Each structure stands twice: as structure tokens, then as C-alpha cells.
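>>> What follows is a predicted protein model with its sequence.
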Amino acid sequence: MEVYPLDGDVEATSLPPPDFIKMDAEGYEFDVRLGMQNVHRQHRPSLLVEVHGETEMRLLNLRKIVELLLAFNYDIREMHSGRRIATVSHIRRRGMSIAHRRAE
């Protein structure tokens, strides 16, 4: 299977950049995010990311996602409760969906 970063597709085509991205990448969420750093930085799409499980690998993946999006000044919330995630210490151990809204 070939994988292409979203940054490259947005730069190489005349398609408009996405303004909303929904993701359930089965443990590869952070890797996918790395392929769209320019999209985050330049176009700031709203996001919905689903991460499941209680493994240390899932927690590490989620921490890296949160750190990256906080660096891009995203407002991050737990989808079901609406609870704001302002630091990696706010991450819960169980699976969670996080909604990222463009910070205004």
C-alpha cells in the first residue's frame, strides 16, 4: 500500500485544502498528522480524531497528537464531555475522541 502525505497533495493539486478532517487511523494518527503539518499551519482545518484503547502505545500516540496540535494553537476538547484538553496531563487513560477546533 502506498501512502502520500496530505501536504503534498494540497500543494500539487488545484483542489482546495480541507476545512474539516475526521480521522480513525487505528494507531497511526500521529504519523498521519506528520504528513499534514503544513495543512495545520497554513489552513487550520477543524479535526475529529478517534483514539481507542488503554495501552501505553495509544497514550504515547495521543500525547504526541495533543502536543503537536497545541503547538499549532488548536483548542482541543474531549468530544463526549466537551472537557478542554490544555496539556498532555489532561489525557484520560481510556479511549477517547477529541475534537480540535480552529482557535480564533
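That came through fine.
>>> which of the residues in stretch 38-49 are buried?
For stretch 38-49, the buried set under the neighbour-count rule, 16 or more other Cβ atoms under 10 Å, comprises 39-40, 44-45, 47, 49. Where you see a C-beta, it was placed from the backbone N, CA and C, and this is true even at glycine.
>>> Would you mind measuring the gap between the ends of that stretch?
Start and end residues of stretch 38-49 are separated by 18 Å (Cα to Cα, to the nearest Å).
>>> Which helix or which strand is home to the residue lying farthest from the centre of the chain?
In terms of distance from the mean C-alpha position of the chain, Ser14 ranks first, at 23.9 Å (Cα atoms, centre = their mean). Secondary-structure element containing Ser14, defined by DSSP states H and E: none, the residue being outside all helices and strands.
>>> can you check Val32 too?
Val32 belongs to helix 29-34 when assigned by DSSP H and E.
>>> Now that helix: average pLDDT?
Per-residue pLDDT values over helix 29-34 give a mean of 76.
>>> Give me the buried positions along it.
When burial is assessed from 16+ other Cβ under 10 Å, helix 29-34 yields the following buried residues: 29-30, 32-33.
>>> And the strands in this structure?
Secondary structure of the chain (DSSP state E): strands at 20-23, 46-51, 75-78, 96-101.
>>> Okay, buried residues for the third one please.
So that's strand 75-78. Judged by neighbour count using 16+ other Cβ under 10 Å, the buried positions of strand 75-78 are 75-78.
>>> what's it packed up against?
Secondary-structure packing of strand 75-78 (3 or more Cβ pairs under 8 Å, 6 or more residues apart in numbering; DSSP states H and E): helix 56-71, strand 96-101.
>>> Send me that strand as PDB with only the CA atoms.
C-alpha atoms of strand 75-78 as PDB (Å, rounded to 0.1, in the frame of the first residue of the first chain):
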ATOM      1  CA  ASP A  75      -8.500  24.400  21.100                       C
ATOM      2  CA  ILE A  76      -8.700  20.700  21.900                       C
ATOM      3  CA  ARG A  77     -11.800  19.100  23.600                       C
ATOM      4  CA  GLU A  78     -12.900  15.600  24.600                       C
END
